[in-house]
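Enquirer: Here's my sequence, what's the structure:
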Amino acid sequence: MAIHTFVVLAYKQSQFLETCIKSVLNQSYKSQVIIATSTPNPYIYDLANKYHLDVKVNNGKHGIGYDFDFAVNAANTELVTVAHQDDVYDYEYAQEMVEAYKKQKQSIIIFPDYYEIKHGKDKVYKNTNLNIKQILLFLLRFHGWSNRRLIKRSALRFGNAISCPAVTFVKANTSNEIFSSNMKSNVDWLAWERLSKRKGYFYYIHKPLMGHRIYSESTTSEIIGDNLRTIEDFEVLKLFWPKPIAKVIAKVYSNSEKSNDM
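Expert: This next block holds a predicted model:
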């Protein structure tokens, strides 16, 4: 019986939703797959019926963080990945997550590297943004240290190095409210900051196992365009640094996001 679930978080009518669904169904490890949404519509239900997937509808509090929490809690397995509708997951992703969990069951989150998908199909493995994240994640390569609070927070002190769609949650070691907040851009960064204080490991797999799509209509690109991310960067950085230092780091970090421009 599968111990891992992909919860595909669907919003409105993404042109890439079916591609995401295909990628999570086409895995070497056969995970459970369901769809979660706060915007039910015929497009989502048609795809669910086509691939024989259950749809869980969030009729509670809405917002990015609350939708993410709903998706995590919709799964009944030990491990759950909230698959973002625009992204894709490589054939070995689920298998790698399950194997990592078996090695370290005290993990809080398990996550690999990722690559960016631009212009619909181009896979980008190296750019300024990805290179900075590699540096920030370096200490987490040493799994024996990755339960230490200082090491976990080292990946977060200068920016958010952990990609939300790449993360698999170990439900027993988290909580029912991981993402709940009023933030829009940095709801995940704030979640990792909270989880870094918990007992357990941030288990990092140093290989790219999923693709994060970058395009002008995506929520991420819209947020960056509205300069909201820079404002929220400062708010999260204040959890790690005095205000003057946080302000400087936020300005430097915002420059790395320019690779998100189309």
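
Enquirer: Next, the buried residues of stretch 34-42.
Expert: By neighbour count on 16 or more other C-beta atoms under 10 Å, the buried set for stretch 34-42 is Ile34, Ile35, Ala36, Thr37, Ser38, Pro40. The way it works is simple: take the backbone N, C-alpha and C, and place the C-beta from them, glycine included.

Enquirer: cool, stretch 43-58 as well?
Expert: Across stretch 43-58, burial judged by 16+ other C-beta under 10 Å covers Tyr43, Ile44, Leu47, Ala48, Leu53, Val55, Lys56, Asn58.

Enquirer: which of these lies closest to Tyr91?
Expert: Closest to Tyr91 out of the buried residues of stretch 43-58 is Leu53 (19.1 Å), distances taken as C-beta to C-beta.

Enquirer: quick one: which of the buried residues of stretch 34-42 is nearest Val167?
Expert: Nearest to Val167, judged by C-beta to C-beta, of these is Ala36 at 15.5 Å.

Enquirer: Surely that closest one is within a strand?
Expert: Yes: assessed by DSSP: H, G, I helix; E, B strand; the rest coil, Ala36 belongs to a strand.

Enquirer: and which of the buried residues of stretch 34-42 is nearest Thr5?
Expert: Closest approach between the buried residues of stretch 34-42 and Thr5, by C-beta to C-beta: Ile34, at 6.7 Å.

Enquirer: what sits against that closest one?
Expert: Thr5, Phe6, Val7, Val8, Leu53, Asp54, Val55, Lys56, Ala74, Ala75 (C-beta atoms under 8 Å, 6 or more residues apart in numbering).

Enquirer: and with 10 Å instead?
Expert: 5-8, 48, 53-56, 71, 74-76, 80 (C-beta atoms under 10 Å, 6 or more residues apart in numbering).

Enquirer: Tell me where this structure is predicted with low confidence.
Expert: Within the chain, the ranges that satisfy pLDDT under 70 run 216-226, 255-262.

Enquirer: What segments of it are helices?
Expert: Secondary structure of the chain by DSSP state H: the helices cover 17-25, 42-50, 64-74, 93-103, 128-136, 149-154, 187-195, 219-225, 228-237, 243-256.
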